[in-house]
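Peer 1: Take a look and give me a structure for this.
(chains A and B)
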Amino acid sequence: AQTVTQSQPEMSVQEAETVTLSCTYDTSESDYYLFWYKQPPSRQMILVIRQEAYKQQNATENRFSVNFQKAAKSFSLKISDSQLGDAAMYFCAYRLRGFKTIFGAGTRLFVKA
Amino acid sequence: NAGVTQTPKFQVLKTGQSMTLQCAQDMNHEYMSWYRQDPGMGLRLIHYSVGAGITDQGEVPNGYNVSRSTTEDFPLRLLSAAPSQTSVYFCASSLYGGEGEKLFFGSGTQLSVL
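Peer 2: Residues are numbered from 1 along each chain as shown, chains lettered A, B, ... in the order given. Prediction:
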């Protein structure tokens, strides 16, 4: 069975600094998606970034980028120039193409002014 | 475009009561699912459906029933509520292949079972 592990329950970063959130996953499949979702205090779930496993190039979305290591089954999220609005729960997720999505336990990010 | 609509937003039940959480989407998504969110445990999959008439169990299905009679609706039924079912529940849907199969979420239901 596929699993997703986020080993950092909480992280803290100074405003304008860079932080990296870790995620590892376990699968025997080769065609899948990986996601990072953000959940602010409003409880809304927001897609931050998405990576397709067959693409070697790491995905980027403005200040957000990933380090996708397929062989190591690692998918970390880097947030550059952190802003107060980045404070939230961040969930790593795995989806076998056309199938169910599995989430990690989440990392709570605090941003210090 | 309403997206994914979940009702109610809040609910308090007594142990043993039954209720149905409603979920509807207007995006013609084939895939629909229910998650529960508990502190420190992330989102855990309860049940999911890959199309009308097809449902399957997720990681934590016990105590919950689902059905999918239409593409749009995917209700979650609690037959006899227990305090362990106190949680926040999310419905989510997606296309297959389209938009990178990202999930569209409802706004969540805060359920308390006393």
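
Peer 1: Kindly report the residues of chain B close to chain A.
Peer 2: Taking CB under 8 Å from any CB of the partner chain as the contact definition, chain B meets chain A at B:33, B:35, B:40-45, B:48, B:50, B:56, B:58-59, B:88, B:90, B:92, B:94, B:96-97, B:100-103, B:105, B:107-108. No exception for glycine: its C-beta is placed from N, CA and C like everyone else's.

Peer 1: Okay, and which of those residues map to strands?
Peer 2: B:33, B:35, B:42-45, B:48, B:50, B:56, B:88, B:90, B:92, B:94, B:105 (DSSP state E).

Peer 1: Mark which of those residues are buried, thanks.
Peer 2: Applying 16 or more other CB atoms under 10 Å in any protein chain shown to those, the neighbour count classes B:Ser33, B:Tyr35, B:Gly42, B:Leu43, B:Arg44, B:Leu45, B:Tyr48, B:Val50, B:Phe90, B:Ala92, B:Ser94, B:Phe105 as buried.

Peer 1: Greatest separation within those: which pair is it?
Peer 2: B:Gly42 and B:Val50 (22.3 Å; CB to CB).

Peer 1: check contacts around the closest residue to B:Gly53 other than its chain neighbours.
Peer 2: Excluding the flanking residues, the one nearest B:Gly53 by CB to CB, 6 or more residues apart in numbering or on different chains is B:Arg68, at 6.3 Å. Listed by CB atoms under 8 Å, 6 or more residues apart in numbering or on different chains, the contact partners of B:Arg68 are B:Met32, B:Ser49, B:Gly51, B:Ala52, B:Gly53, B:Ile54, B:Thr55, B:Phe74.

Peer 1: Many thanks, we can stop here.
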